[in-house]
Every structure is written in C-alpha cells, then in structure tokens.
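Sequence isn't available, so here's the structure alone:
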C-alpha cells in the first residue's frame with residue numbers, strides 16, 4: 001500500500017512546487033520575490049522531481065532506466081544541497097525584518113553567495129552516484145551523509161534561532177505567527193531527517209519515515225510563499241495545483257494498476273523498453289483529442305507565457321476604466337475603446353461595428369484602431385470615427401453576415417475553431433482572429449480583433465473575460481443613449497414651460513405695445529393725408545404704416561403662441577416681399593457697411609402664404625446674416641432665389657465668423673442664442689413658420705467662413721398647392 005501511495009504524494013508535491021516556481025518567475029511577481037525564495041522553492045522542486053522519477057523507475061531494470069535513475073539521484077542531491085543554503089540565506093536577510101515593509105526584495109549583496117558554497121560538492125556527489133551501486137541512493141552517497149546532516153542541522157538551527165528572535169520582536173500578529181511557525185517547522189524537519197537517517201533505515205518503519213521526510217520540504221516553501229503574497233497568489237496556486245494534481249494522481253494510479261503490468265508482460269515477451277512507446281502514445285492521444293489538446297495548450301501557455309498575467313491585469317484595469325470613464329459621445333467613446341483594446345492586448349487592429357439606434361435606419365457604423373486590411377477587403381472607408389459602412393462590397397456583406405450570426409448566438413468566435421465553421425469564410429475574408437458579440441437592449445454590434453503582434457492567440461479564459469468587458473462597454477453606450485433621451489425630454493419640457501410662461505405675459509405685453517403702435521400709425525396716416533401724393537416722403541410713410549401693421553399682426557401671434565397658426569389660403573410672391581424688405585434693410589446695411597448681393601431669379605414664383613409670414617421669415621434671416629457679418633473686413637450678405645421641381649428656394653449667405661458646431665444642432669430651438677442681447681426666438685419663429693408652410697430650412701456653417709441658410713417652400717398657384 002505504501003509503495004502505491006508514495007509516487008502519488010511525491011508527484012503531487014513536485015507539481016505543486018513547479019506551479020509555485022513558475023508563478024514566482026512571472027514578470028508581474030519577479031520584482032517582489034527575493035532570490036532566496038526562488039532557490040528555496042526550486043530546491044524543493046528538484047528534490048521531489050528527482051524523487052518522483054526514481055519512484056517511477058524503481059521496478060525497471062534495463063540500462064536506460066538505470067541511467068535515468070542516476071540522473072534523478074543527481075537532481076535529488078542538488079535539491080538537498082540547495083534547500084538548507086536558501087533557508088539560511090532567508091534567515092540572515094530577514095533578521096532585521098520590518099512589518100511595514102514585508103518580505104521586500106533587498107539590494108544584491110554578493111557575500112551571501114558564500115552560503116551556497118556546499119553546492120560545490122555536487123560534482124563529487126555526482127561522481128559517487130555514477131560509480132556507486134545502482135538503485136541505492138543512500139549507499140551511493142554514504143561518504144557525504146554525515147557532512148550533509150551536519151550542514152543541514154547547522155543551517156536549520158541558525159535559521160530557527162533567527163526566526164524566533166524576529167518573531168518575538170515584531171508586533172504584527174501575522175508576522176509573529178509566521179516566524180514562530182517557521183522556527184518550529186525547521187526544528188521538526190531537522191529531527192525528522194535525523195531520525196530517518198539514524199534510526200529507521202532497515203526497519204519496518206522506514207517507508208513511513210521516508211514518505212514523511214520526503215514531503216517535509218513542501219511545507220516551508222508553501223508557508224514562505226503564503227506570507228510573501230498572502231491572499232494574492234496562493235488561491236491561484238491551490239486551484240491550479242488541485243486540478244492538475246488530481247489529474248496526475250488519477251493518471252498515475254491507472255498507470256500503476258493497468259499499464260505497468262501490461263508493460264512488464266510485454267517486456268518479458270519481446271525484450272523491448274516500452275517507456276518511449278508509452279510517451280508517444282500519450283502524446284498522440286493528447287494531440288488527436290481536441291479538448292485535451294486545447295486544454296494542454298492553454299495550460300502551458302498560461303504557466304509558461306510571461307504575457308498571461310499582463311492580459312489578466314489589462315482586462316481588469318480596462319473594466320475599471322470603462323466603469324469610471326464618462327461618456328462624452330458615442331463616437332468619442334467607441335474610438336477610445338478600440339484604441340485601448342489594441343494597445344493593451346497588443347493587437348494589429350481592432351474594430352467596432354454597430355447598427356444605428358434608430359429602428360427605422362439600421363445602417364452600420366464602424367470605428368477602427370490600427371491599420372485595416374488592404375483593398376479589396378478594407379473594413380471601411382473614410383475616417384475611422386463613425387464612418388458609414390457601404391454594405392455593397394464583399395467584405396461589408398461579410399460584416400453584415402457575421403454581425404447577424406453573432407446576434408443570434410451571442411457568443412464570441414475564434415477563426416479556425418469548429419464552432420465557427422459556418423462563418424469561417426467571412427472571418428477569413430476579414431482576416432479577423434476573434435469576433436465578440438456586443439448586444440445589449442438597442443446596442444446591436446460586434447468587436448473584431450486582428451492578429452496579435454506576438455503571433456500567439458488569446459486563451460479561452462482570456463476571451464471570456466474580454467467578453468464580459470465588452471458587454472460592460474455595451475451597457476455604458478446604452479446608458480448614455482438613455483441619458484441623452486432623458487436630457488432631450490427634460491429640455492423639451494423646459495422649453496414648453498418657457499413657452500407657457502411667454503404665453504402668460506404676451507397679453508400684457510401686447511396691451512402695452514398696441515397703444516403706441518396705434519398712435520404711430522394714426523400720426524403717419526394723418527401726415528400722409530396732409531402731403532401731396534407726389535411728395536417723395538409718401539413712400540417712407542407708407543412703409544411706416546405697413547411695418548406697424550406687421551408688428552400688430554406679430555403681437556396677435558404672440559397671443560396665440562401656444563397653438564399652431566392657421567395658414568391663410570392666399571398666394572404671395574416671395575421675391576416681391578424680399579425686394580420690399582431689402583429696400584428697408586438697405587439703410588441698415590449702409591450703416592453697418594455691408595454689401596448686399598441680391599439675385600432674385602424667381603420673380604413670377606408664388607407660394608401659399610401671407611405677406612406677413614414671408615416678412616417674418618426673411619426679415620429674421622437677412623437681419624441675422626447682417627449682424628453675423630458686420631465685424632468682417634469686407635462684410636457681404638448674399639440673397640439668391642430660384643425655382644426647381646415645384647420648389648421655391650431662397651439661399652441667404654454671409655461671410656461672418658460662423659456658428660460653433662455644438663450650437664448648430666440646437667440653433668432652431670427656442671431661447672437658444674449666442675447674442676448678448678438676443679432672445680433666442682428669432683430662428684425658432686422662422687423654423688415654425690416654414691414648418692407651417694410645409695417647407696424646410698437647412699443651415700450649414702464653417703468657422704471663419706460664414707453661414708448659409710436655405711429655405712425651400714412648395715410652389716402654389718391660385719391659392720392651392
């Protein structure tokens with residue numbers, strides 16, 4: 001029974017120590033780990049690895065097995081010599097331990113290399129092993145046994161004394177417990193080795209004592225690593241070691257119960273060493289069974305690759321930044337995210353593709369970081385920030401097909417995997433290594449990864465972690481969209497409240513203005529009656545009366561501000577209205593030294609609208625254009641009209657300073673103004689009048705070049721559309 005348990009326990013100890021050692025050597029941990037801790041764990045691993053090989057080969061008697069057994073003895077001997085030196089190195093380094101600093105990595109001091117002087121006898125030990133009796137380690141190194149026991153006892157006693165003194169000095173309870181525990185473990189380990197070497201060899205207690213002594217180096221190594229990293233590292237080690245250790249235990253048990261008897265029988269019949277054949281068979285099984293091959297590949301990649309922890313930490317920090325970073329706009333946030341993914345995970349390119357939020361307009365938008373694929377399989381044209389994807393090209397048809405597939409499966413896909421055979425041609429065309437689904441409420445998109453600059457691939461666990469981060473990113477986009485809708489609703493509500501307030505005060509305002517306007521009209525009419533009809537001032541007086549009548553109608557509209565105006569069923573000639581307005585505005589233009597460039601090319605055109613509505617529209621637009629251009633060196637305002645396809649179009653352009661982009665989107669909203677004394681109602685009233693006339697108004701502006709307003713109204717005839 002002992003013979004069957006021994007290889008399992010020793011194999012598990014060796015596996016545990018190699019996991020510890022590989023994790024200690026990771027770049028993320030390397031700067032925090034003192035050299036003596038690496039040598040301590042490394043010595044324990046060499047000891048158990050050599051011991052494990054010897055246990056496996058103890059029933060073999062062919063020449064290759066004997067040679068491997070001698071090599072294993074050499075590894076075992078190296079581990080035995082290295083561990084006491086590393087322990088003494090640790091004790092001397094920690095004699096001035098400070099609880100606040102922990103087990104920090106001290107500056108190199110080469111005099112500590114003298115502690116490893118006993119390793120010099122390793123060559124002599126190897127000579128004794130290769131010239132000694134085969135299969136008997138104790139007999140082979142008999143000349144060194146007393147010397148080694150003396151060195152082991154000296155190193156462990158000194159280390160235990162130092163640890164006791166440090167433990168009694170420090171105030172931190174965890175550190176105190178650690179040092180006192182280490183001193184006790186060293187005393188027990190020394191006594192155990194002495195009892196085994198002196199009193200148990202050749203007795204019936206030898207197997208039990210041998211197993212106890214062989215497992216003892218694992219305990220100090222685990223305790224030291226635990227105290228160095230506490231909860232940061234050891235859970236990972238335990239999790240992986242238990243999983244892989246369990247597999248090793250099962251495999252070894254099956255090997256001992258099934259394979260070993262068969263191999264002994266085959267060797268007796270054919271006189272062939274089947275160890276190499278067994279290794280080839282196991283390797284072939286792992287290679288041909290895909291789950292085993294993938295799991296073995298990922299395990300080796302995680303344990304041996306210095307990039308594994310970098311990907312894990314990058315994923316964690318990116319998730320934290322996605323949660324904390326404010327969303328300025330969808331475009332800016334997506335552009336930031338693709339660049340973060342590319343830089344953090346060392347990818348050749350990254351792309352985000354998503355459909356528009358509007359259910360009636362599901363065009364694709366894309367954001368790219370890094371060089372995209374060359375023509376004709378370019379991912380998109382134009383700026384990488386929010387270009388519309390042309391779905392007619394072959395590559396963009398592949399994008400659409402891949403997006404639809406990811407939407408239905410909601411799983412990430414890797415190129416070349418069996419689960420992605422349905423989309424293999426699309427991913428090959430796009431040269432995409434990994435495709436992530438990005439689905440959340442109205443968010444309908446995906447994230448594509450190009451190849452890694454390391455020419456390796458992300459592991460399954462890394463891809464799953466990134467999927468979580470991408471889902472989190474999709475949620476932030478949806479939350480921003482919901483917040484934008486809420487802000488728009490609040491803005492509309494506030495505007496309605498302002499308009500309601502304006503309606504309340506419009507009655508008293510109209511009352512205050514009607515009386516002086518009535519007086520002005522009466523006086524102008526009386527003066528006109530007193531003057532002769534051929535008097536040149538008659539034209540000005542008629543303009544005064546006409547403008548007073550227009551203001552009176554405007555006051556009446558203020559009283560009805562809360563309800564849509566009824567369109568008068570009359571026909572007017574817009575060019576005639578503009579021409580009359582310009583005769584008034586000409587005085588204002590001369591005062592501001594603005595050149596008016598008028599090109600009225602639709603003198604016969606008619607639209608269904610009142611003169612007052614036309615006055616209100618064009619007066620506001622022309623006056624705004626003049627005020628925008630008045631500070632320019634050569635101020636100019638151009639007014640041009642034309643008719644096309646039953647549409648009357650007026651273009652009013654200025655060469656002013658232009659409109660800021662953030663104001664351009666809200667320019668037709670009420671109370672939006674950039675003028676210090678403006679009310680913010682002029683362009684709102686213009687847009688309302690154009691809408692009431694079933695027309696459209698558009699604006700384009702460029703900072704430093706001016707603005708262009710285009711009004712389009714449907715042509716009418718004889719008072720009908």
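Structure's in. What do you need? Since the structure is predicted, the reported quantities are computational estimates derived from the model, not experimental observations.

Is residue 670 within a helix or a strand, and which one?
According to DSSP states H and E, residue 670 maps onto no helix or strand at all.

looking at it, it is touching residue 492, isn't it?
No. Residue 670 is beyond contact range of residue 492, at 10.2 Å (criterion: CB atoms under 8 Å). For glycine as for every other residue, the C-beta is placed from the backbone atoms N, C-alpha and C.

right, and residue 351 touches residue 365 too?
No. Residue 351 is beyond contact range of residue 365, at 10.9 Å (criterion: CB under 8 Å).

The two: which has the busier surroundings?
residue 351 (27 against 20; other CB atoms under 10 Å).

any idea how far the more buried one is from residue 368?
Using CB to CB, to the nearest Å, we find residue 351 at a distance of 5 Å from residue 368.

do residue 326 as well
23 Å.

quick one, which of the two is more surrounded?
The neighbour comparison of residue 326 against residue 368 (other CB under 10 Å) goes to residue 368, with 25 against 7.

for the chain, longest helix please?
helix 460-530 (DSSP state H).

now for that one, which elements pack on it?
Other helices and strands packing on helix 460-530, by 3 or more CB pairs under 8 Å, 6 or more residues apart in numbering; DSSP states H and E, are helix 290-304, helix 308-324, helix 330-344, strand 434-440, strand 443-449, helix 537-559.

circling back to that earlier point, looking at residue 670 and residue 492 now, which is surrounded by more residues?
Using other CB under 10 Å, the more surrounded residue of residue 670 and residue 492 is residue 670, with 21 against 11.

Just give the number of residues close to the residue nearest to residue 200 when sequence neighbours are not counted.
Nearest non-adjacent residue to residue 200, counting by CB to CB, 6 or more residues apart in numbering: residue 209, 4.1 Å away. Applying other CB under 10 Å, we find 18 residues neighbouring residue 209.

what about residue 209, distance to residue 197?
9 Å.

list the buried ones in stretch 628-639?
For stretch 628-639, the neighbour count (16 or more other CB atoms under 10 Å) marks 628-630, 635-639 as buried.

out of those residues, who's nearest residue 178?
Within those, the smallest distance to residue 178 is 76.8 Å, found for residue 628 (CB to CB).

Wasn't that closest one part of a strand?
No. Assigned with DSSP: H, G, I helix; E, B strand; the rest coil, residue 628 falls outside any strand and is helix.

Now the element after the helix or strand of the chain with the lowest mean pLDDT, going C-ward?
Least confident helix or strand, the chain: strand 385-388 with a mean of 42, by mean pLDDT, DSSP states H and E. Next helix or strand after strand 385-388 toward the C-terminus (DSSP H and E): helix 394-409.

and the angle from that next one to strand 434-440?
Taking axes from the mean of the first three to the mean of the last three CA atoms, to 10 degrees, one finds helix 394-409 and strand 434-440 inclined to each other by 60 degrees.

Show me what counts as buried in helix 394-409.
In helix 394-409, counting by 16+ other CB under 10 Å, buried: 395-396, 398-399, 402-403, 405-406.

Return the list of helices and strands in contact with it.
So helix 394-409, by 3+ CB pairs under 8 Å, 6+ apart, packs with strand 350-355, strand 364-369, helix 424-430, strand 434-440, strand 443-449.

returning to what we had before: just the angle for the longest helix of the chain relative to helix 330-344, thanks.
150 degrees.

wait, doesn't residue 601 sit right on residue 644?
No. Taking contacts as CB under 8 Å, residue 601 lies outside contact range of residue 644: 10.6 Å.

what's near enough to touch residue 543?
By CB atoms under 8 Å, 6 or more residues apart in numbering, residue 543 lies in contact with 583-584.

which residues touch residue 74?
50, 122, 125-126, 129.

helix or strand right after the helix or strand containing it?
Per DSSP H and E, residue 74 falls inside helix 63-93. Per DSSP H and E, the first helix or strand lying C-terminal to helix 63-93 is helix 122-131.

Quickly list the domain ranges of this protein.
2-243, 308-479, 565-714 (automatic domain parsing).

Quick one: distance of the longest one to the chain centre.
Distance of domain 2-243 from the chain centroid (CA atoms, centre = their mean, to the nearest Å) equals 43 Å.

repeat for the second one
Using CA atoms, centre = their mean, the distance from the centre of domain 308-479 to the centre of the chain it belongs to is 10 Å.

Kindly report the same for the last one.
Distance, stretch centre to chain centre, for domain 565-714: 47 Å (CA atoms, centre = their mean).
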